[in-house]
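Chemist: Whatever this is, show me its structure:
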Amino acid sequence: MKSQEALQKIVKGIAKFQTEVFPQQQRLFQRLAHGQQPIAMFFTCADSRIVSSLVMQTGPGDVFVERTPGNIVPRYSDHMGGITASVEYALQVLKVPLLIVCGHSDCGVMKALLHPEKASGLPALQSWMRYSMEARDRLLRDHPGDSEEERLRRLTQYNVLLQLEHLKTHPAVEARLGARDLEVHGWVYEIATGKVFAAQPDSGAFDLLTEQSSNMPKSP
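Modeler: Prediction:
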């Protein structure tokens with residue numbers, strides 16, 4: 001799709017929002033114009049196929065979203081920037097009670113971790129991926145004989161678990177966990193099936209997340 005075609009598609013979408021969607025929810029947007037009280041911070045990949053509000057069926061004002069390539073969160077001591085600011089604001093100002101890190105199937109960053117040549121000529125991405133190298137090292141150490149499909153699945157899960165650990169190094173997260181008024185969850189979203197798998201706190205295994213789940217995973 002050329003740039004003009006892309007722009008036209010987007011502008012048509014804005015027009016539809018303004019004429020059809022906004023009038024139906026005008027009171028909600030008028031209320032949101034004065035503040036927000038999201039119920040969760042959702043940390044996920046920048047991949048265009050991940051539409052968090054669609055997957056979770058949430059609306060405007062419900063979820064504070066942060067997106068990075070590979071849903072990567074550097075340790076607090078390694079990188080100070082927009083991610084750190086988002087975490088601080090969500091936890092210290094908005095007081096969200098729930099923090100979710102969500103990876104996904106067919107992630108380009110995870111594929112590049114498995115095959116570094118895929119990131120050739122992308123120095124910024126290569127530098128960014130270093131925050132996931134521990135997950136790659138774990139995969140290569142513990143599962144050297146896995147198939148390509150299984151390696152990608154495991155790496156996606158290991159990366160979510162690693163980024164949760166990175167998040168816990170952020171003072172805002174550490175303080176809220178210490179006060180026992182924050183839950184931290186790790187998920188993986190499967191694009192082809194719509195299924196979501198949640199990390200279990202004791203084993204780190206990922207089980208299918210359902211409405212009937214009796215024990216929601218907490219802070220793996």
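Chemist: I'd like to check which residues are in contact with the residue nearest the centre of the chain.
Modeler: Centroid-nearest residue in the chain, with C-alpha atoms, centre = their mean: Thr44, separated by 1.5 Å. Shown in contact with Thr44 (C-beta atoms under 8 Å, 6 or more residues apart in numbering): Ile50, Ser52, Val65, Glu66, Arg67, Asn71, Val101, Cys102, Gly103, His104, Tyr189. No exception for glycine: its C-beta is placed from N, CA and C like everyone else's.
Chemist: For the second one, give its distance to Val96.
Modeler: Separation of Ser52 from Val96 (C-beta to C-beta, to the nearest Å): 14 Å.
Chemist: more crowded one of those two?
Modeler: Val96 (22 against 18; other C-beta atoms under 10 Å).
Chemist: List the residues that contact the more buried one.
Modeler: Pro38, Ile39, Ala40, Met41, Phe64, Ala90, Leu182.
Chemist: domains of this protein?
Modeler: Each domain of the chain is listed here as a residue range: 1-33, 36-208, per automatic domain parsing.
Chemist: need the contact list for Gln25.
Modeler: Gly59, Pro60.
Chemist: Can you check what pLDDT the model gives it?
Modeler: Note for Gln25: predicted pLDDT of 96.
Chemist: Now the phi/psi pair for it, please.
Modeler: Here is the backbone geometry of Gln25 (degrees, to the nearest 10): phi -120, psi 30.
Chemist: What separation do you get for it and Val63?
Modeler: 16 Å.
Chemist: And for Met41?
Modeler: 7 Å.
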